[in-house]
Every structure is written in structure tokens, then in C-alpha cells.
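*Asks:* from the sequence below, what's the structure:
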Amino acid sequence: MRSLQPQSTPEKRASVVFVIAAVSLLIVGAAMRLWNLNDLPQQVHNDESTSIVDGIMHFMPAGRGGWALFGSAFGGHPNLSYWMNALPSRVIGEVSLWSARMGSALAGTFSLIVLALFVCKAYGRRVCIFFLLFIIPYHLHIHFSRTAFPYVYALVGMGMVSYAFVLFLKAPSRLSALVTGLVMGVAALTYPATHVLPAAIIAAVVIKLWPDLMKGEGAGRGSYRFLTMSLCFILGTLIALAPHIIYSYRYGYSSRLTQTFVLHEHNLRHLGPQTGNPAVTPAGVVWFNMQRTARIFYSGDTAEQYQFHENPFPLWGACLAALGAVVLVAKSFRRDPVAIYVVVAGIASFVASGLMVEGNFSPHLILFAVITPLAMALAVDKIVGWLRLNYIVVLVPLSVALGVVWADWNWKFYNRVVSTDRSRLTRAVTYLLRLPITTKEVTTVIGAAGVDVYPDESYYQLIYPRSKQFQLGKDASVAQVVELVVKRPGSAVVVEDEGSVDQVRQELEKLGKKVDLYRYPQFPAIYLYVHE
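*Replies:* I've put the predicted structure just below:
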């Protein structure tokens, strides 16, 4: 027993160091996702406010689907991520921008934990640390962790599926296959980007597991075990998806994929003129969309709601990612099942995105928020191996320096690209979420000077359930606004569109009303909150 002690002590010490380093990095990652959600990013697009409301509506008796946890939400998306995004608002009993974004921030933090477990189990502790250094400050992961979009839940789903799959690979059995299938089904309910993961697992199992089973147990028994485990994968997935399938069929919801498929007749008519070729064929449209999708890797996403409109990598980062891709492909050819899984997931994500109308939208490529940092981590690990830099006194400073440089670039990129005022991205409902008003107080919402009180008044009804909404014409007089406020008892919000509310404020104050002005110069809205 004593002879084993010198070998076990360094191993224990290394384990303790790894745990301390990993936990410290995860704490930093949590802080970067949870800090100052009200103000960063400052842009709140209509799609984000729509995501907020769509989630909250499922907690209301009159909301779409009520408690339909497994139903469909906006645009045919599965509802689970919207439902989870709304939980913090439900818990505190009030809708605010902070509470609306908290769900995504917590999901993003949790995804770091489960992804770290996956990478550590698959490729070891050193790669795991490098992976955390690259994913924690990665602008793509941070942005969708700090906004109320549902997309970050796809990363939680990928992490859970990946970890379950690695555990299955360590001990293949029908039970572990069933569990992996259940997790795949739940992940599919988060966001359609996860729908490529079953294909990735099938490729890894067929290429790696099946030949190994036949070689080790004989063709007959090996094929039988492969078949029964495959059926367990399918069974688990169907069990998890059954409520969603039944609900969607019963209420006639079509999936997001069917609505945006590039070869749909309506979408072909929409995309055809964009190619600049009047005689373009469906194959030509697909090729055009694939090219547009590929541009995101070197010129960013031009969609205003995501705003990654610049080169998303420094040159050295792009080189690391490219080297990591080569490492993953090389591992795949050596039948590494995890590498096969990651490579197929990446290829399938790219192809699926290219086959959708919104081909250049970063949410469709959200899994690259995991694949890219993993590729970079494997590249650094390979370089460390080539140079034989195994000493801690060398690795620690190297890791810290690499992490700081990467974090600094991403932070500057994020602040420059995402958090600057580029255009009028908001409508009035968005910044009402910022006002320090208790939800139950407001009884009157007035869209003054021709401003819409959101096309669907249920948006305001969600935020201010006791309120009644009024829309006035562009030539509405100050007297009309004042009359509405005075007629209705209780507190009120008056919305102006880049106009002056000074006259309205003065007239209300003459009547003894306490009026608070909220002005956001960089956004197209001004608000008066009128106390009872």
C-alpha cells in the first residue's frame, strides 16, 4: 500500500488544483452572465420583448395554451425555453427586464457547468480548463445568456445530451441508451438547433460502437445489442417528445422548420430575387443561402436583432479554431466517437441553417458557441503536446495569458458591436420594462402623438394587468391626453415618440398630479409616469 502513495498523492493534488481552477472559472463565468442585466446589452429588440411576453403568457389563465409546458410558442418554436425564461418573473410576481433576462442568464451559467463536465469526461482536465477559458468570455455565448431570447437553452440541451452520451460511451447499455434518448427528447424542446444532435449521435454510434460490438461479441450478438440499444435511444426520445407532438397536432401548430424551409414555394419566391438571377433554380437558391450562411464565420450576422455585424474572430482565434477543426476531423477518422459527434453536429448545423430562409441568423448556428471553443481548446492542447509544455509553472501562466487576451478581445468586441446604438431597434413596450413601476399600479396606458400601444394589447396587459390601453392620433391635443389621465383613477403611463411631453407634464402638474419623466435619448420613446 505504501508503494502506491507516491503515485496517488500527486494525482490527488492535481485533482484539487483542477477543481479549484474550474470552480473559480465558473464563478467568473456566472458573474459575466448575471451582472447588470438591466443595462447590458442596452439594445432590446422587438424580438426580445416578444420572447419575454410569449413566455409570460403561458403563465396566465387567458394566455395561449395556459400551462402548456410542451406546447408551441412564437413562430412554432417549442415552448419549454420560453416557459423557463418566464419562471423568474413568475417567482417574483413582476415582469421587469431584469427578471425577464434572468432565466437566460441562469441557463447560460448552468450550460457552462454541464459542458465542462462533458469536456472533462471526454478529453480530460487540461482540455476542460482550456475549454472554459475560451467559452466563458465568448461573445456569442455571453450575448444569448444576457438576453431574453430562448436560444441559450439549446446550449443547455447540447450540454446535457453530450454528457449523457459520453456516459453511455463509457458504459454502453440499454438503460444508458434510454436515458440519452430521454435527454435528447427534452433538448429538442428547447430550440430547433438541437434537432441535429440525434443525427450526430447516430453517426458516432454507427461508425464506432457497432463495429466494436461485432468485433468483441460476434456479428450476431453484437448486432443484437446494437439494435436493442438503438431502439432504446428512439424510445427515450419519443417518450420525451410525446406531449409536444400530441399538443402540436391537437392545436394545429406547425414547426418552425416547416415555416422557414428554403425550398418551400413561398420562401423560394422570397429568396429568388435576392440572388440577382431571374432564372435561378431551387438548387441555385439553396447554394446562395449556403454562401450567405458561411459568411457569418468571417463577417458576422447582419440581422439587427443580433448585431454581430463585424468579423467575429481575431486572426489568431480564427487560426486556433481552424486548427481545432483539423484536430477534430483527424480524431473522427481515428473513430473517436466524441469527435465524430461534434463534427457531424457542426456540419449538420451549418447545412440546416443554410436550408432555412434566415440562413445567416446566429441562433441557427448557436451550437458553434460550444463547438468553436472546444475546437480552440483541442488546438491549444495539441500545441502544448507538440511543444511538451507539461510543467505547471509553464502551463498556468500560458493559460492565464491566453484567457486574458481572449477575454479582452471579446469584451471590446461585445461593447463595440452589441451595446452601441445602431438604429431604432425598440418599440414603446420595450422600455416600459425598465421603469421602476410595480406591476399592479398602472391602470392607464396612453400612446400619445400617434404612437401605437403595441399592436397586441395583451403585451401591455401582461406587464400592467389592471391597465386599459388607449391609442391617440398624431394630431391628438394635450387636452385629450390630460383628459384621459384625469378621467381614469389610478396611475398612468403616457408614451411619446421622440417628442416633447413638457406641455402634458405641465398641465397634469397644474391639476395636482405627480409626474415622473423617463427619457432615453438613444431610443425612440419618452414616458411620463403619472402618480394617482
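*Asks:* tell me the bridge partners for residue 471.
*Replies:* Taking DSSP bridges as the rule, residue 471 bridges to residue 447.
*Asks:* doesn't residue 481 make contact with it?
*Replies:* No. Using C-beta atoms under 8 Å, residue 471 is not in contact with residue 481; the gap is 11.6 Å. (Glycine included, C-beta is placed from N, CA and C.)
*Asks:* who's more crowded, the two?
*Replies:* residue 481 (26 against 16; other C-beta atoms under 10 Å).
*Asks:* would you confirm that the more buried one contacts residue 472?
*Replies:* Yes. Judged on C-beta under 8 Å, residue 481 makes contact with residue 472 at a distance of 6.8 Å.
*Asks:* any idea which helix or strand in this protein has the lowest mean pLDDT?
*Replies:* Using mean pLDDT, DSSP states H and E, the weakest-scoring helix or strand in the chain turns out to be helix 428-432, at a mean of 56.
*Asks:* now the longest helix that the chain contains, how far from the centre of its chain.
*Replies:* The longest helix of the chain (DSSP state H) is helix 219-251. How far helix 219-251 lies from its chain's middle: 26 Å, per C-alpha atoms, centre = their mean, to the nearest Å.
*Asks:* how about it: buried residues?
*Replies:* Neighbour counts over helix 219-251 (16 or more other C-beta atoms under 10 Å) mark 222, 225-226, 229-230, 232-237, 240-241, 244, 247-248 as buried.
*Asks:* also stretch 196-207?
*Replies:* 196, 197, 198, 199, 200, 201, 203, 204, 205, 207.
*Asks:* hang on, the earlier thing: just list what the longest helix of the chain packs against, helices and strands only.
*Replies:* Other elements packing on helix 219-251 under the criterion 3 or more C-beta pairs under 8 Å, 6 or more residues apart in numbering; DSSP states H and E are helix 174-188, helix 197-204, helix 210-217.
*Asks:* got the angle for it vs helix 210-217?
*Replies:* Interaxial angle of helix 219-251 relative to helix 210-217 (axes from the mean of the first three to the mean of the last three C-alpha atoms, to 10 degrees): 140 degrees.
*Asks:* now do the strands in the protein.
*Replies:* Taking DSSP state E as the test, the strands found in the chain are 442-447, 468-471, 491-496, 515-520, 525-530.
*Asks:* can you pick out the most distant pair from the buried residues of helix 219-251?
*Replies:* Using C-beta to C-beta, the buried residues of helix 219-251 span at most 39.1 Å, a distance reached by 222 and 247.
*Asks:* domains of this structure?
*Replies:* By the assignment in automatic domain parsing, the chain contains the domains 2-260+295-418, 428-530.
*Asks:* export those domains as CSV, with columns for distance to residue 276.
*Replies:* Shown next, in CSV, are those (distance: least, C-beta to C-beta, whole Å):
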stretch, distance to residue 276
domain 2-260+295-418, 16
domain 428-530, 33
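*Asks:* so for residue 278, which of these sits nearest?
*Replies:* domain 2-260+295-418 (19.5 Å).
*Asks:* mean confidence for that closest one?
*Replies:* Domain 2-260+295-418 carries an average pLDDT of 86.
*Asks:* how many other residues sit next to the nearest residue to residue 413 once chain neighbours are set aside?
*Replies:* Using C-beta to C-beta, 6 or more residues apart in numbering and skipping residues adjacent in sequence, the residue nearest residue 413 is residue 139, 5.4 Å away. Each residue near residue 139 was counted by other C-beta under 10 Å, and the total is 20.
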